[in-house]
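Student: can't give you the sequence, but here's the structure:
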């Protein structure tokens, strides 16, 4: 049996994050003094404690009126030795135990990231948890963030794709299921980003009775891949714009997410294809990338191997990518990214087993989601590099399987990290989706199918319109 979790109650603000190194000497100093397991914990708490809600309610659980929730950060041990998941728990001190109570929410980050990336979304979800008297959890996947960096390996042969994918997915899915059992959760609503969204679907397929709903933010691995190889921006995440992904379109309402429409998706895909054509010309680079990918190469190895140059490399990425953040937020997030990147390699090595040499899955989700009997919401940024057609095709696959509770939204003024680029719109959408009451999906129920048919028809029209333009 696992031992008791190591709990760290959020109590005080840590010192300010150091400046992002822009020169060699600064990078050496940062590498020498600001990298390590303890620093990773401090950098995470810096992102969370800087939010007023946490400083107000960071006390032991209490039933007094001024403390409706209890917030704790812990390393939840699993059954295997030295296996644990970093957990941020936001629990109501007066939980709703009625049958109509909403399921707890679990936030799951993307590739090479951590729960700290949701620092702009957790306050809104905390307010929702307080109002609905339920719980919200944010986890680091096993082998990522501040969770245990245990050895990762796949024993299946390279040409046995189903076995490779199953084994790689199991590394994450099995540990999430064990965590659920330890926490005593019957069912969960999973909110996942990018690879975290892909793994959320994988979990729901194996444990359908444990998932109430899926909300997939810019999910990886959805569409079927093209015949050419494209360097995956799941790793590089440079975006089509050399100045970064934080675009602002004055003609679009930045405060809301919009249901997907044919013209919007066509515009998005046109921009993606233009960038893809530019990448295709780099044939030598593609061949090298393909070789390294198939050999199990990880981009984070480059940063770790560069030693004292690592902080400067991460700094260039942080400064370019997160231009929509304040200077303080960018500095805090950089320090967090640096520390979880420099940690021992582990879960990151899954990528070559789950994805082809590019951003497409070896076993695309569009061919698998039809088995799901729960509501599934796909959400993309309006200049996302993930192909939104995969989301629309998945909604159609769900409809054809008798599940009319699939839908898709486009968030204005947002890229792949839409939850950071436009948190107001994403937070409003998350609360809206979490508050919805969904009819149980029953293929024999005429009333449910009749209600779903009109929405599904709109989605099907959009899907066929896009297909004809390819």
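Tutor: Sure thing, it's come through. Treat the numbers as computed from the prediction; the structure is a model and nothing was measured.
Student: residue 95 - nearest residue in space that isn't next to it in sequence?
Tutor: Distances taken as Cβ to Cβ, 6 or more residues apart in numbering put residue 133 closest to residue 95, at 5.4 Å, once the chain neighbours are dropped. Backbone N, C-alpha and C define where each C-beta goes, glycine included.
Student: which stretches of the stretch 251-400 of the chain aren't confidently modelled?
Tutor: Filtered on pLDDT under 70, the stretch 251-400 of the chain yields the residue ranges 251-256, 258, 260-282, 319.
Student: where do the strands of it begin and end?
Tutor: For the stretch 251-400 of the chain, applying DSSP state E, counting those that start in this stretch gives strands covering 257-259, 376-381.
Student: coming back round to it: the residue nearest to residue 95 and residue 105, how far apart?
Tutor: For residue 133, the distance to residue 105 under the criterion Cβ to Cβ, to the nearest Å works out to 13 Å.
Student: show me which of the two is the more surrounded one.
Tutor: The neighbour comparison of residue 133 against residue 105 (other Cβ atoms under 10 Å) goes to residue 105, with 24 against 18.
Student: surely that one meets residue 137?
Tutor: Yes: assessed by Cβ atoms under 8 Å, residue 105 is found in contact with residue 137 at 7.0 Å.
Student: show me what the helix or strand hosting residue 107 is packed against.
Tutor: With the criterion set as DSSP states H and E, the secondary-structure element containing residue 107 is strand 105-108. Packing contacts for strand 105-108, counted by 3 or more Cβ pairs under 8 Å, 6 or more residues apart in numbering; DSSP states H and E, involve helix 122-132, strand 135-139, strand 188-193, helix 195-206.
Student: same thing but at 10 Å, please
Tutor: Other helices and strands packing on strand 105-108, by 3 or more Cβ pairs under 10 Å, 6 or more residues apart in numbering; DSSP states H and E, are strand 84-92, helix 122-132, strand 135-139, helix 161-183, strand 188-193, helix 195-206, strand 211-217, helix 423-435.
Student: need the ones you listed in a markdown table with mean neighbour count and distance to residue 405, can you?
Tutor: Supplementary listing: the helices and strands packed on strand 105-108 in a markdown table, determined by neighbours: other Cβ atoms under 10 Å; distance: least, Cβ to Cβ, whole Å:
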| stretch | mean neighbour count | distance to residue 405 |
| --- | --- | --- |
| strand 84-92 | 23 | 26 |
| helix 122-132 | 19 | 20 |
| strand 135-139 | 25 | 22 |
| helix 161-183 | 18 | 22 |
| strand 188-193 | 26 | 13 |
| helix 195-206 | 25 | 13 |
| strand 211-217 | 25 | 8 |
| helix 423-435 | 19 | 11 |
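Student: can I get those in JSON lines including distance to residue 331 and mean pLDDT?
Tutor: Formatted as JSON lines, the entries for the helices and strands packed on strand 105-108 read as follows, by distance: least, Cβ to Cβ, whole Å; pLDDT from 0 to 100:
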{"stretch": "strand 84-92", "distance to residue 331": "21", "mean pLDDT": "96"}
{"stretch": "helix 122-132", "distance to residue 331": "19", "mean pLDDT": "96"}
{"stretch": "strand 135-139", "distance to residue 331": "21", "mean pLDDT": "98"}
{"stretch": "helix 161-183", "distance to residue 331": "30", "mean pLDDT": "98"}
{"stretch": "strand 188-193", "distance to residue 331": "22", "mean pLDDT": "99"}
{"stretch": "helix 195-206", "distance to residue 331": "24", "mean pLDDT": "99"}
{"stretch": "strand 211-217", "distance to residue 331": "24", "mean pLDDT": "99"}
{"stretch": "helix 423-435", "distance to residue 331": "18", "mean pLDDT": "97"}
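Student: just tell me which of those ends up closest to residue 321.
Tutor: Between residue 321 and these, the tightest spacing by Cβ to Cβ is seen for strand 188-193, at 14.4 Å.
Student: re the thing from before, check whether the residue nearest to residue 95 really touches residue 100, as I assumed.
Tutor: No: with contact defined as Cβ atoms under 10 Å, residue 133 does not count as touching residue 100 (11.3 Å).
Student: find residues that contact each of residue 105 and residue 137.
Tutor: Between them, residue 105 and residue 137 have 90, 125, 129, 188 as joint contacts when contacts are counted by Cβ atoms under 10 Å, 6 or more residues apart in numbering.
Student: wait, what's in contact with the second one?
Tutor: To tie it back to what came earlier, the one meant is residue 125. Residues counted as contacts of residue 125 (Cβ under 10 Å, 6+ apart) are 90, 105, 107, 118, 136-138, 191, 427, 430-431, 434.
Student: gap between it and residue 309?
Tutor: Using Cβ to Cβ, one obtains 37 Å as the distance from residue 125 to residue 309.
Student: coming back round to it: for the strands of the stretch 251-400 of the chain, which one sits closest to residue 155?
Tutor: Comparing those by their distance to residue 155 (Cβ to Cβ), the top pick is strand 376-381, with 31.6 Å.
Student: could you list which residues are in contact with the closest residue to residue 400 other than its chain neighbours?
Tutor: Spatial nearest neighbour of residue 400, excluding adjacent residues (Cβ to Cβ, 6+ apart): residue 370 at 7.0 Å. The neighbours of residue 370, taking Cβ under 10 Å, 6+ apart as the test, are 394, 396-403, 406.
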